[in-house]
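Chemist: Generate coordinates for the sequence data below:
(one chain, ligands or ions: 1)
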Amino acid sequence: MSEWHMANGMPISRRLYISHKPSANKGSEIMDFGELIAKRYSVRAYRSDPVPEGLLEKVLEAARLAPTAANRQPFQVFVVSTAGREEELRRVYHRHWFTQAPLVLCVCTVAAQAWVRIKFDGKCYADVDAAIAMDHMILAAAEAGLGTCWIADFDPAAAREVLQLAEGVEPVLFTPLGFPADQPKPKERKPLAALVRRM
Ligand SMILES: Cc1cc2nc3c(=O)[nH]c(=O)nc-3n(C[C@H](O)[C@H](O)[C@H](O)COP(=O)(O)O)c2cc1C
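Modeler: Numbering: from 1, shown residues only. The predicted model follows:
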């Protein structure tokens, strides 16, 4: 069996089967994927209203179901309540809206658990896995009416301190999580012709 069909050394078939039924979504309408990706935007103003536990679970479950190279799942998601921690969190990322939201999420990699392209060039895919997990959470949040903003421009040393990260656990991406208090702007994107090469 190839490493792509294993998880932590165990064949996938022997691991808990994950149902694709959106249990946390019971009763709510499933948004069309095109609508969802158009709806998501970088929210840079938040209401202080708490994030209902059910919606947080839905967001975190989206990270758990994210694909990772060789199914290694080499990431950890930190959920931080901002109340009372504004000052230390602002050392991590200085924008005032970062701590307006009731929660901040951080995706960290555990590179030692990640798949590495050993046969060819030794490239470690931990950051790619982390980005996919974050994207899943961000889209799940948008679907639930919650706002997020990808944040890479944070101080990694401050993040290590505030999250009390163990050695080998690296902070890769942050996002606030809360209800938006701003409005989306029109999306500015390059035309497809500038991004796609058909061969
Ligand atoms: C990997 C990544 C890192 C980002 N880092 C930051 C950041 O540090 N601060 C910030 O305000 N926005 C950050 N953004 C948000 C981008 O600026 C934003 O996604 C882009 O301008 C497109 O706008 P939209 O998200 O509203 O569609 C980041 C986005 C990505 C994907």
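
Chemist: Show me the helices in this structure, by range?
Modeler: Counting by DSSP state H, one finds helices in the chain at the ranges 33-39, 53-64, 86-92, 126-143, 156-163, 192-195.

Chemist: tell me the most buried of those helices?
Modeler: Compared across the helices of the chain, helix 126-143 shows the largest average neighbour count, a mean of 22 (mean count of other Cβ atoms under 10 Å). Glycine gets a C-beta too; all of them are placed from N, C-alpha and C.

Chemist: what helices or strands is that one leaning on?
Modeler: helix 33-39, helix 53-64, strand 75-81, strand 103-110, strand 169-177 (3 or more Cβ pairs under 8 Å, 6 or more residues apart in numbering; DSSP states H and E).

Chemist: Show me which positions of the last one end up buried.
Modeler: Taking 16 or more other Cβ atoms under 10 Å as the neighbour-count basis, strand 169-177 is seen to contain the buried residues Val169, Glu170, Pro171, Val172, Leu173, Phe174, Thr175, Pro176, Leu177.

Chemist: Distance check, Ala112 against the ligand.
Modeler: According to Cβ to the nearest ligand atom, to the nearest Å, Ala112 and the ligand sit 23 Å apart.

Chemist: returning to that earlier point: can you tell me which of the helices and strands packed on helix 126-143 is nearest to Ala131?
Modeler: Closest of the helices and strands packed on helix 126-143 to Ala131 is strand 169-177, at 6.9 Å (criterion: Cβ to Cβ).

Chemist: Check the offset of that closest one from the chain's centre.
Modeler: In terms of Cα atoms, centre = their mean, to the nearest Å, the centre of strand 169-177 is set 8 Å apart from its chain centre.

Chemist: mind checking pLDDT for the most centrally placed residue in the chain?
Modeler: The centroid of the chain falls nearest to Met134 when counting by Cα atoms, centre = their mean (1.6 Å). Met134 carries a pLDDT value of 99.

Chemist: Next: Asn8.
Modeler: 45.

Chemist: Any regions of the protein where pLDDT drops low?
Modeler: 1-30 (pLDDT under 70).

Chemist: residues in contact with Val59?
Modeler: Shown in contact with Val59 (Cβ atoms under 8 Å, 6 or more residues apart in numbering): Leu105, Met137, Ala140, Ala141, Ala144, Leu146, Leu177.
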